[in-house]
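# Mind folding the following:
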Amino acid sequence: MHNPRTKWWISLIAIALMLTVVSGVSAQSNVTVTLSVGGDAPTVGDVVPLTLRVTHPTGWRVIVPTLEKQWGEFEVRSQSTPVITASGKGTETTTQKIEVIRMRPGEVQTPAFTLSIVDDLGNLQDIAVAPVSLLVQSVLVAGDTALRDLKPQADLMTSQRMVWPLIAVGALGVIGLVGYFINRRRNRPVVDKRTPRERALATMKMLEAQNPQMPDDIKAACVDIAVCLRDYIASTTTIPARDLTTNELARQLKINDLPADWITRAIDVLRVCDSVKFAGDVLELTTIQGLIDTVELLVKQCPPAPVVTQPAKHTKLNGVTA
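Prediction:
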């Protein structure tokens, strides 16, 4: 038999677990996600507009991932910047337009994906977006079996050929090839021999010198900061940072046994940049400067710069080397 003290602890743990589950369900119930298809009866190659709508409490922010160019059976043509509108009764709706095409007929579903939501306390949660079905029709008309020329037939030249036009064409061809190779030689990419740390610090100095003031310039600076930090991580580790979401990158950094404080600050920078890029948040110029200073510090801290030791100096005393 269990003693009363053991039963009391078991009851307390059960109540805590129930409160945790209820809290998670309540957070999910505050968010509604829908993906709808616009347009009428699309055919092969038509641009199909999709609309992503997320209804959430006021002050929360939605982070929509950038879809791959080849998204399942579809090809993504564009993703608009999310727009936030007030829905009333303490809620807002974040809307994003996605344009896709499909080059084969038939019924197909959009791939399932997840988006992230940051509440007013800074807590992050992932929400799944359910697939939506789409019927793409063929451009061929049923029963149409008539053969048609794709282009009119060419008229054959029957006049006697002359030699000088061929010589002129050959000379022009040689001149064109020479010009092509000269231009290609001039436009050869310059090999950047700088280290990843030198490239990242130079990028931060350039962004600091630009001194962005307008909202569009600040947004572009946030994008450049995130790209620079991801490139530096990819260059100094084996992590494909450019191909991972921020949450996936955070997990990979922990697996690679990097300093916990360094990982926390790097992910904080990327999440701020994501909120500006995907949710349209507006940052102050002082915040941009803080992001630049943080990235410079992260680049200088990890990995540690090698210590260069000076060779010992030898002196001669009375003919003896010391």
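
# Verify the contact between D281 and W60 for me.
No. D281 is beyond contact range of W60, at 11.7 Å (criterion: C-beta atoms under 8 Å). Quick note: C-beta positions are derived from backbone N, CA and C, even for glycine.

# Comparing these two, which residue is more hemmed in?
W60 (21 against 17; other C-beta atoms under 10 Å).

# Report pLDDT for the more buried one.
pLDDT, W60: 92.

# close enough to count as contact, it and D120?
Yes. Using C-beta under 8 Å, W60 is in contact with D120, at 6.3 Å.

# count of residues packed around V108?
Neighbours of V108 under the rule other C-beta under 10 Å: 16.

# following the helix or strand containing it, which helix or strand comes up?
Element membership for V108, per DSSP states H and E: strand 106-109. Using DSSP H and E, the helix or strand that follows strand 106-109 towards the C-terminus is strand 113-118.

# Tell me which strands that following strand pairs with, and in which orientation.
According to DSSP bridges, strand 113-118 has the following sheet partners: strand 61-63 (antiparallel), strand 124-129 (antiparallel).

# Could you pull out the buried residues of it?
Of all the residues in strand 113-118, those buried under the rule 16 or more other C-beta atoms under 10 Å are 113, 115-118.

# Just the closest of the residues you listed to V136, please.
F113 (19.9 Å; C-beta to C-beta).

# Pop out the phi and psi values for T55.
Backbone torsions of T55, given as degrees, to the nearest 10, read phi -100, psi 130.

# For the chain, just list every one of the helices.
4-29, 163-186, 196-210, 215-236, 246-255, 260-279, 285-301 (DSSP state H).

# low-scoring stretches of the stretch 51-200 of the chain, by residue?
141-163, 188, 190 (pLDDT under 70).

# Look up the residues forming beta bridges with V62.
I117.

# Spit out the contact partners of it.
Counting by C-beta atoms under 8 Å, 6 or more residues apart in numbering, V62 makes contact with 54, 56, 82, 94, 115-117, 278-279.

# what's the nearest residue to Q301 once chain neighbours are set aside in contact with, if anything?
Nearest residue to Q301 in three dimensions, chain neighbours excluded: W262, at 6.2 Å (C-beta to C-beta, 6 or more residues apart in numbering). With contacts defined as C-beta under 8 Å, 6+ apart, W262 is in contact with 298, 301-302.

# quick one: buried residues of stretch 88-106?
92-94, 96, 98-100, 102.

# can you put the residues you listed in JSON lines and add distance to P49?
Formatted as JSON lines, those follow (distance: C-beta to C-beta, whole Å):
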{"residue": "E92", "distance to P49": "22"}
{"residue": "T93", "distance to P49": "17"}
{"residue": "T94", "distance to P49": "17"}
{"residue": "Q96", "distance to P49": "11"}
{"residue": "I98", "distance to P49": "8"}
{"residue": "E99", "distance to P49": "6"}
{"residue": "V100", "distance to P49": "8"}
{"residue": "R102", "distance to P49": "13"}
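
# Cross these against strands and list the overlap.
Counting by DSSP state E, the buried residues of stretch 88-106 place 92-94, 96, 98-100 in strands.

# between the residues you listed, which is closest to P165?
The closest of these to P165 turns out to be E99 (C-beta to C-beta; 48.3 Å).

# distance of the closest one from I255?
The gap separating E99 from I255 is 36 Å, by C-beta to C-beta, to the nearest Å.

# Repeat that for V48.
38 Å.

# Settle it for me: which of these two has more neighbours?
V48 (19 against 8).

# Quick check: pLDDT value at the more buried one.
With respect to pLDDT, V48 has a value of 91.

# ok, now V269?
At V269, pLDDT is 90.

# was I right about it contacting I225?
Yes. Shown here, V269 and I225 form a contact pair, counting by C-beta under 8 Å, at 6.9 Å.

# between these two, what contacts are shared?
Common neighbours of V269 and I225 (C-beta under 8 Å, 6+ apart) are 291, 295.

# I'd like to know how far S87 sits from I63.
19 Å.

# Of the two, give the one with the bigger neighbour count.
I63 (21 against 14).

# what residues are up against the more buried one?
115-118, 246, 271, 274-275, 278-279.

# rewinding a little: give me the residues contacting the strand holding V108.
72-74, 102, 131-136.

# Using TSV, lay out these together with distance to E208.
Shown next, in TSV, are the contacts of strand 106-109 (distance: C-beta to C-beta, whole Å):
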residue	distance to E208
G72	41
E73	44
F74	40
R102	45
P131	44
V132	44
S133	49
L134	46
L135	52
V136	49
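
# top of those residues by neighbour count?
F74 (23 neighbours).

# Surely it and M103 touch.
No. Assessed by C-beta under 8 Å, F74 is found out of contact with M103, at 9.3 Å.

# returning to that earlier point: I'd like the contacts of W262 written out as CSV, with neighbour count added.
Shown next, in CSV, are the contacts of W262 (neighbours: other C-beta atoms under 10 Å):
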residue, neighbour count
L298, 18
Q301, 13
C302, 19
